[in-house]
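**Q** how would this look folded up:
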Amino acid sequence: MQVNLERIAHVRSGDKGNTSNIAVIAYRTEFYPLLKQQLTAERFKAFYRGAIKGPVTRYEVDNLGALNFVAEGALGGGVSRSLSLDNYGKALSAAILGFPVVVPDAYGHLLQGR
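**A** Below you'll find the predicted structure:
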């Protein structure tokens with residue numbers, strides 16, 4: 001079944017200059033392999049449809065069941081230089097929660113929310 005990322009993970013974010021840092025943390029160990037397989041740096045960047053101008057680097061933090069994405073050129077020149085409040089790192093991290101993830105039907109009872 002396909003669900004939004006928010007059903008299997010939560011996010012944390014930060015920003016510095018024109019770079020956004022977004023961590024995606026699996027709610028359960030069963031979900032982490034799905035994240036690693038489906039949420040690649042390329043798919044992460046494509047999800048934002050051109051809002052991220054620079055490269056995206058993905059770091060795997062296996063012991064925590066987390067993926068950390070560093071997105072360069074993601075904040076319209078930087079928080080203090082941009083008039084667009086929607087480009088802050090927190091807005092970008094909230095948006096990725098809508099990323100579609102395919103989850104085995106057998107995991108249905110493990111999903112968060114509805």
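**Q** Spell out, range by range, the strands that occur in the protein.
**A** 2-4, 9-16, 19-26, 56-61, 66-72, 100-102 (DSSP state E).
**Q** Relative to L5, how far out is the closest residue to L92 other than its chain neighbours?
**A** Leaving aside its sequence neighbours, L92 sits nearest to S20 (Cβ to Cβ, 6 or more residues apart in numbering; 5.2 Å). Using the backbone N, CA and C atoms, a C-beta is placed for each residue, glycine as well. Distance, S20 to L5, by Cβ to Cβ, to the nearest Å: 16 Å.
**Q** What of S13?
**A** Distance from S13 to L5, counting by Cβ to Cβ: 14 Å.
**Q** what about these two, which has more around it?
**A** Neighbours per residue (other Cβ atoms under 10 Å) separate S13 from L5, with L5 holding more: 23 against 19.
**Q** Report the contact partners of the residue lying closest to that one once chain neighbours are set aside.
**A** Leaving out its chain neighbours, the residue that sits closest to L5 by Cβ to Cβ, 6+ apart is F99, at 4.3 Å. Applying Cβ atoms under 8 Å, 6 or more residues apart in numbering to F99 gives the contacts N4, L5, L39, R43, F44, F47.
**Q** Any of these buried? List them.
**A** Listed as buried from these are L5, L39, F44, F47; burial here means 16 or more other Cβ atoms under 10 Å.
**Q** next one: phi and psi at the nearest residue in space to R7 that is not next to it in sequence?
**A** Once flanking residues are discounted, R7 sits nearest to L111: 4.5 Å by Cβ to Cβ, 6+ apart. L111 adopts backbone torsions of phi -70, psi 150, taken as degrees, to the nearest 10.
**Q** For L111, grab the count of nearby residues.
**A** By the measure other Cβ under 10 Å, the count of residues near L111 is 17.
**Q** how close does it get to A23?
**A** From L111 over to A23 the distance is 20 Å, taken as Cβ to Cβ.
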